[in-house]
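Peer 1: let me see the structure of the following:
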Amino acid sequence: TKWDTKQKGETKMLFDILALISFFICLLLLRTFVEVFPSLMACLVRWKESVNLDASVMLSRDRDIMAIAMIMPFCLTAGRFYLYSPSWMACFGPEGRLGITIGIITAYILLRKGLEHAFRSRKINPKTYKTACKSSHTFFIILTLVLMALGGIMSFLDIDHMVIKSAMLWVSAITYMLFLLRKVQIFNSSCSFFSGFLYLCGLEILPTGALVASALIF
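Peer 2: Now for the predicted structure:
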């Protein structure tokens, strides 16, 4: 119908506007990204590289700025390929789904930050705790870039939408598992394995489990 066509056109316009804004922001931060990229890659290989990155005020600051800049591209990618698509979202149009996706991801980020503050303890070295918590910024940047590249290439090759979604979810799961390994290694550098695992449960398993459960159950 004309109404559906109009609605799709408005949704595409909103998506294009947000994508254009994100593109210009990333373009302005291109030099920052180039400077911090080698350190980000090193963090994939060795957990100590996260410590080295956090020890550098400039690199740590640049990494955090890039992580903030990646939030909207990640939301757009997740919305575009329905990476978060519980059944209750089916009654919403594309524009509504995009808005809800952005809201859910924002709420997830805020929940993580709240838990990081709540689980902060004097029993662990403050620098170690900060490094472990901020390691999520590193892996978030890498994951966003990989998902954007994967979505762009597979869409260009005209691969089925469900195949693209499945590939993205697998990539996200693998990246997250590697992140969990590196994070617990950072924790274990200044506390026992059991304590590190408890921190991991409180800071990662709890919020991410809630996010996954909301997508599968509701």
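Peer 1: G151 versus R80, what's the distance?
Peer 2: 7 Å (Cβ to Cβ, to the nearest Å). Every residue, glycine included, has its C-beta placed from N, CA and C.
Peer 1: centre-most residue in this structure?
Peer 2: For the chain, the residue nearest the mean C-alpha position is F140 (3.9 Å; Cα atoms, centre = their mean).
Peer 1: setting aside sequence neighbours, what's the nearest residue to that residue?
Peer 2: Take F140 and drop its neighbours on the chain: the residue closest to it by Cβ to Cβ, 6 or more residues apart in numbering is A67, 5.5 Å away.
Peer 1: what ranges does the protein have for its helices?
Peer 2: 2-28, 30-45, 48-55, 57-69, 71-80, 94-118, 126-156, 161-188, 193-200, 206-216 (DSSP state H).
Peer 1: tell me which of these sits most buried.
Peer 2: helix 71-80 (a mean of 20; mean count of other Cβ atoms under 10 Å).
Peer 1: least confident secondary structure element in the protein?
Peer 2: Among the helices and strands of the chain, helix 2-28 carries the lowest confidence by mean pLDDT, DSSP states H and E, at a mean of 70.
Peer 1: which residues touch the residue nearest to the centre of the chain?
Peer 2: 67, 70, 74 (Cβ atoms under 8 Å, 6 or more residues apart in numbering).
Peer 1: let's have the residues you listed in JSON lines, adding pLDDT and distance to L59.
Peer 2: What follows is the contacts of F140, written out as JSON lines (pLDDT from 0 to 100; distance: Cβ to Cβ, whole Å):
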{"residue": "A67", "pLDDT": "95", "distance to L59": "12"}
{"residue": "M70", "pLDDT": "94", "distance to L59": "16"}
{"residue": "F74", "pLDDT": "95", "distance to L59": "21"}
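Peer 1: residues contacting the residue nearest to F140?
Peer 2: Residues near A67 by Cβ under 8 Å, 6+ apart: 137-138, 140-141.
Peer 1: and the residues you listed as JSON lines, adding distance to I104?
Peer 2: Below are the contacts of A67 laid out as JSON lines (distance: Cβ to Cβ, whole Å):
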{"residue": "H137", "distance to I104": "19"}
{"residue": "T138", "distance to I104": "22"}
{"residue": "F140", "distance to I104": "15"}
{"residue": "I141", "distance to I104": "20"}
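Peer 1: show me which of those residues is closest to R31.
Peer 2: Among the contacts of A67, I141 lies closest to R31 (Cβ to Cβ), at 15.2 Å.
Peer 1: any idea how far that closest one lies from L44?
Peer 2: Applying Cβ to Cβ to I141 and L44 gives a distance of 11 Å.
Peer 1: try F140
Peer 2: 13 Å.
Peer 1: before we move on, what about C133?
Peer 2: 18 Å.
Peer 1: G209 is in contact with Y108, correct?
Peer 2: No. Assessed by Cβ atoms under 8 Å, Y108 is found out of contact with G209, at 11.3 Å.
Peer 1: please list all residues in contact with the nearest residue to R182 once chain neighbours are set aside.
Peer 2: In space, not counting the residues next to it along the chain, R182 is nearest to W47; the distance is 4.7 Å by Cβ to Cβ, 6+ apart. Neighbouring residues of W47 by Cβ under 8 Å, 6+ apart: 182, 185-186, 189.
Peer 1: kind regards, and thank you for your time.
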